[in-house]
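Undergrad: coordinates for the following, if possible.
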Amino acid sequence: MSMVLNSQKESMDKESSMDLPSVSIIVPVYNGERFIGKCIESLLALDYPENNREIIIVDNNSKDRTSEIAKKYPVRYLFERKQGPCCARNTGIGNAAFPLIAFTDSDCLADKSWIKELVKAFQKKAVGGCGGHLEPVQPTTVIEEYVIYKEILSQERALRDEAISPPFLLTANAMYRKKILEEAEGFDEEIPVGEDADLSWRVRWKGYSLEYEPRAIVYHHHRSTLWGLLRQIRSYGAGTSYLFRKHHGKLGYETFFNKHPYLEMFTSLFRIPFHLLFGKGRLQKVLPMLEFLGAVFFLTGKIQTSLKLRIRFF
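TA: Below you'll find the predicted structure:
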């Protein structure tokens, strides 16, 4: 009787796997010994047929125990010496076996239904990419609380249509058709920051749509230290300059001045003493101080890079 039941189960699994598209999951990692094991374990636990997926870990020349940890698991381990997440992801794309490619980061944990939810969007031929919700891991520091409050890593925020920033997908939780990635020539390795926006825009401008699936969830560890956060914000500022240099023609601007970070820098400076005295909760007490520092570091990265690239983007 048990043999019959097992046979029926195997038959049902085979039928269900035939109905689902095959997906290559790519995870770039650099010095990720802290999180890479848990990340891989969450991917191995996905509610998706094993025959229809592969997990590709691309070690971007790590100096810690990343390779030792990753090689313990039944995944494809690749090594990319050339530094940069674009280089690592392109190596993964070049070695991917399946027609759909999903991306996440080494400090992320995938929900069991992550892939199953993302693939639904690709039933429509016009869809080039689909992103899911990035759910922050429970914060333990005030810096993590601030990142969540400011939506610094929010898929919903990335997909807003703004004058200088059309919608794009954060590659911590995104899936694309492989043929479209190849058509777009993958990630631009000359853009050190902002590569996810650059790729999404190029996909959109080739006539494909980007979709959002909130039920496709990835849990993300945010920056937990002040210096780590400020370095990240400074890199975002630099990234906006690289994107403007490459895409200003498509965006319709030869020069652009964004007053918002300047206003935030000055208004938050004057709010600091009032929040320190009357703010309720640890985040409210330091909120304007963090906003001031964030604006300063964002503008530093943006202005320095704009001057370096000789563009009028301030």
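
Undergrad: off-centre distance for stretch 165-174?
TA: Its chain's C-alpha centre and that of stretch 165-174 lie 7 Å apart, by CA atoms, centre = their mean, to the nearest Å.

Undergrad: contact partners of it?
TA: 85, 89, 102-105, 108, 114, 129-134, 153, 155, 158-161, 195-197, 199-201, 204, 210, 216-218, 220, 240, 243, 251 (CB atoms under 8 Å, 6 or more residues apart in numbering). Backbone N, C-alpha and C define where each C-beta goes, glycine included.

Undergrad: from residue 196, how far off is residue 252?
TA: 22 Å (CB to CB, to the nearest Å).

Undergrad: more neighbours, these two?
TA: residue 196 (23 against 10; other CB atoms under 10 Å).

Undergrad: can you confirm the more buried one is in a helix?
TA: Yes. Counting by DSSP: H, G, I helix; E, B strand; the rest coil, residue 196 is part of a helix.

Undergrad: so where do the strands sit in the stretch 201-314 of the chain?
TA: 209-220 (DSSP state E, counting those that start in this stretch).

Undergrad: just the buried members of the contacts of stretch 165-174?
TA: Burial by neighbour count, 16 or more other CB atoms under 10 Å: within these this picks out 85, 89, 102-105, 108, 114, 129-134, 153, 155, 158-159, 195-197, 199-201, 204, 210, 216-218, 220, 240, 243, 251.

Undergrad: doesn't residue 78 fall inside a strand?
TA: Yes. Judged by three-state DSSP, residue 78 forms part of a strand.

Undergrad: pretty sure it is touching residue 58, no?
TA: Yes. Residue 78 lies in contact with residue 58 (CB atoms under 8 Å); the separation is 4.8 Å.

Undergrad: and for those two, which residues touch both?
TA: In contact with both residue 78 and residue 58: 91-92, using CB under 8 Å, 6+ apart.

Undergrad: low-confidence ranges, the stretch 151-300 of the chain, go.
TA: For the stretch 151-300 of the chain, no stretch is flagged by pLDDT under 70.
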